[in-house]
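Novice: Return atomic coordinates for the entry below.
(one chain, ligands or ions: 1)
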Amino acid sequence: MLRFLTAGESHGKGLVTIIDNFPAGVKIDEDFINEKLKIRQSGYGRGARQKIETDKIEFLSGVRGGFTTGSPISFFIKNKDYDNWRDRMDAYKPVPEESKIHTPRPGHADFAGSIKFGLDDIRNVLERSSARETASRVAVGAICQIFLKNFGIEFASAVLSIGGVGIDKSRGSELNSDPLAGYSASVIDLFDPSIRRNIENSELRMPYSYLEEKTKAYIDKMKAEGDTVGGLITAQVKGVPVGLGSFTQWDEKLDAHISMSVMSIQAIKSVEIGAGVKSAYLKGSECHDSIYCGNSKNGAATGFFRKTDNAGGIEGGMSNGEIISVTCAMKPIPTLMKPYLDTVDLNTCEPKKAFLERSDVCAVPAASIVVESALAFSICYFFLKKFGGDGLAEIKRNYEGYLKK
Ligand SMILES: Cc1cc2nc3c(=O)[nH]c(=O)nc-3n(C[C@H](O)[C@H](O)[C@H](O)COP(=O)(O)O)c2cc1C
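Specialist: You can find the predicted model right below:
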């Protein structure tokens with residue numbers, strides 16, 4: 001069973017990650033991984049931290065001569081900012097009383113985390129609950145993508161809207177007051193070359209450039225007001241064979257696994273597969289994707305295809321060969337630059353304003369690559385479960401044998 005564990009604090013020495021049960025013989029493309037890490041660090045509306053860091057993967061084990069060995073893969077991503085936090089993050093130096101934080105920020109792990117662990121300094125919670133951890137997840141997702149490329153499986157992701165400015169995923173047109181009107185299917189094909197180019201060239205990772213200025217202006221306005229924004233993200237995967245996941249047990253379902261992978265990302269508050277929430281407003285005759293013989297232009301070459309993809313490529317907990325699409329909502333960043341939010345001192349119960357810490361105004365573009373990475377992990381997990389073997393050559397034989405049946 002493919003699994004990974006991460007460790008590390010936001011201002012500690014760095015992040016450590018272990019991936020277990022990854023097959024041998026996979027050629028590792030470090031540039032590809034570092035490119036994904038760079039995307040996570042960029043995007044309009046990010047804070048000063050990203051100017052300090054230039055995330056790069058450093059393998060500690062499990063890769064030799066450029067290829068995975070089948071042993072646990074471990075890697076390190078350095079926090080350059082540690083140099084500025086050495087004193088406060090030292091493993092042994094006592095923490096001065098005056099630097100301890102007792103006022104939890106609403107929307108963060110601060111409150112429940114410090115009560116749960118009985119901690120008298122909220123920094124011990126916020127350092128680990130921080131989205132700095134998503135750098136590890138992006139690297140894991142990139143390694144999974146490198147493996148899946150061997151089977152023609154490709155991933156893409158984009159930002160649909162930020163703070164209500166943007167496009168409706170169902171129609172590819174600008175959001176209006178009635179986002180359910182005229183709904184038919186998820187029509188934005190993130191693999192379309194011109195859309196891909198727009199996403200790559202956009203600081204917002206948006207598929208349509210005409211919304212760029214309007215959205216940036218909204219982020220600027222939020223920044224000027226000391227406020228923050230969230231948004232809607234979509235990710236897709238193409239070329240997934242029929243039958244990953246299972247209908248036989250609740251925790252074997254592909255959509256359930258993807259939902260957990262994506263929902264566990266900091267600040268993600270909803271996960272939809274395909275039409276998602278909008279399927280509640282459709283009739284059965286409008287919602288379900290009729291089946292035809294012939295190869296799909298959009299998915300795996302199965303000999304069957306659909307003209308619509310409201311199911312988002314998953315039926316009965318299994319991939320059906322069409323594009324798998326996931327859309328999710330990211331809430332606004334909970335650390336604000338002005339004291340809007342009330343809180344209390346946990347020791348004295350005195351009313352306070354939530355403390356202000358250097359932060360992003362908008363991290364939706366960065367989060368979109370994290371969502372893509374989470375999706376890549378889930379697909380890789382089920383791919384290995386179905387075609388599993390210890391090395392790439394063996395997995396290729398299993399995969400080709402399945403396709404022949
Ligand atoms: C890529 C990314 C960057 C983030 N940057 C920040 C940030 O700079 N400041 C902040 O307060 N929250 C940031 N967040 C969100 C918080 O980490 C998150 O809201 C918090 O840990 C609480 O978790 P929850 O929202 O899942 O409940 C970011 C999230 C992501 C995915």
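
Novice: residues of stretch 75-84 that come out buried?
Specialist: Across stretch 75-84, burial judged by 16 or more other CB atoms under 10 Å covers Phe75, Phe76, Ile77, Lys78, Asn79, Asp81, Tyr82. Using the backbone N, CA and C atoms, a C-beta is placed for each residue, glycine as well.

Novice: got these as CSV, with distance to Lys27, secondary structure and pLDDT columns?
Specialist: What follows is the buried residues of stretch 75-84, written out as CSV (distance: CB to CB, whole Å; DSSP: H, G, I helix; E, B strand; the rest coil; pLDDT from 0 to 100):
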residue, distance to Lys27, secondary structure, pLDDT
Phe75, 16, strand, 98
Phe76, 21, strand, 98
Ile77, 21, strand, 98
Lys78, 24, strand, 97
Asn79, 28, coil, 95
Asp81, 32, coil, 92
Tyr82, 32, helix, 94
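
Novice: Return the residues in contact with whichever residue of the stretch 101-250 of the chain sits closest to the ligand.
Specialist: Here the residue of the stretch 101-250 of the chain nearest the ligand is Ala131; by CB to the nearest ligand atom that distance is 3.3 Å. Shown in contact with Ala131 (CB atoms under 8 Å, 6 or more residues apart in numbering): Ile265, Gln266, Ala267, Ala363, Ala367, Val370.

Novice: Check whether the first one really touches Thr134, as I assumed.
Specialist: Right, the one you point to is Ile265. Yes: using CB atoms under 8 Å, Ile265 is in contact with Thr134, at 6.5 Å.

Novice: Among those two, which residue is more densely surrounded?
Specialist: Between Ile265 and Thr134, Thr134 has the larger neighbour count (other CB atoms under 10 Å), namely 25 against 20.

Novice: so what does the helix or strand that contains that one touch, helix or strand wise?
Specialist: Using DSSP states H and E, the element containing Thr134 is helix 134-149. Applying 3 or more CB pairs under 8 Å, 6 or more residues apart in numbering; DSSP states H and E, one finds that helix 134-149 makes contact with strand 3-7, strand 14-20, helix 30-41, strand 73-78, helix 364-387.

Novice: Gln266 against Ser129, yeah?
Specialist: Yes: at 7.3 Å, Gln266 counts as touching Ser129 under the criterion of CB under 8 Å.

Novice: Contact partners for Asn84?
Specialist: His11, Ile52 are the contacts of Asn84 under CB under 8 Å, 6+ apart.

Novice: how near is Gly388 to Lys214?
Specialist: 47 Å (CB to CB, to the nearest Å).

Novice: Comparing the two, which residue is more hemmed in?
Specialist: More crowded of Gly388 and Lys214, by other CB under 10 Å: Gly388, with 15 against 12.

Novice: For that one, which non-adjacent residue is spatially closest?
Specialist: In space, and not counting its chain neighbours, Gly388 is closest to Ile395: 7.0 Å by CB to CB, 6 or more residues apart in numbering.

Novice: go on, Ile265?
Specialist: Spatial nearest neighbour of Ile265, chain neighbours left out: Val370 (5.2 Å); criterion: CB to CB, 6+ apart.

Novice: per-residue pLDDT, that neighbour?
Specialist: At Val370, the model reports a pLDDT of 98.

Novice: wait, isn't it in contact with Ile39?
Specialist: No: here Val370 lies out of contact with Ile39, judged by CB under 8 Å, at a distance of 9.6 Å.

Novice: Check the contact lists of the two and give me the overlap.
Specialist: Val138.

Novice: Give me the more crowded residue out of these two.
Specialist: The neighbour comparison of Val370 against Ile39 (other CB under 10 Å) goes to Val370, with 29 against 21.

Novice: quick one, what contacts that one?
Specialist: By CB under 8 Å, 6+ apart, the neighbours of Val370 are Arg40, Ala131, Thr134, Arg137, Val138, Gly141, Ile265.

Novice: again, but for Leu356
Specialist: Leu356 neighbours (CB under 8 Å, 6+ apart): Thr335, Leu336, Met337, Lys338, Pro339.

Novice: Tell me the spacing between Ala135 and Asn21.
Specialist: Separation of Ala135 from Asn21 (CB to CB): 22 Å.

Novice: okay, those two: which has more neighbours?
Specialist: A side-by-side neighbour count of Ala135 and Asn21, using other CB under 10 Å, places Ala135 first with 25 against 15.

Novice: ranges for the helices of the stretch 101-250 of the chain?
Specialist: 110-117, 123-129, 134-149, 193-201, 212-224 (DSSP state H, counting those that start in this stretch).

Novice: Pick the one among the buried residues of stretch 75-84 closest to the ligand.
Specialist: Among the buried residues of stretch 75-84, and counting by CB to the nearest ligand atom, the member closest to the ligand is Asp81, at 12.5 Å.

Novice: show me the contacts for that closest one.
Specialist: Counting by CB under 8 Å, 6+ apart, Asp81 makes contact with His11, Arg49, Ile52, Glu53.

Novice: Tell me if stretch 46-63 is near the ligand.
Specialist: Yes: using CB under 6 Å from any ligand atom, stretch 46-63 reaches the ligand at Gly47.
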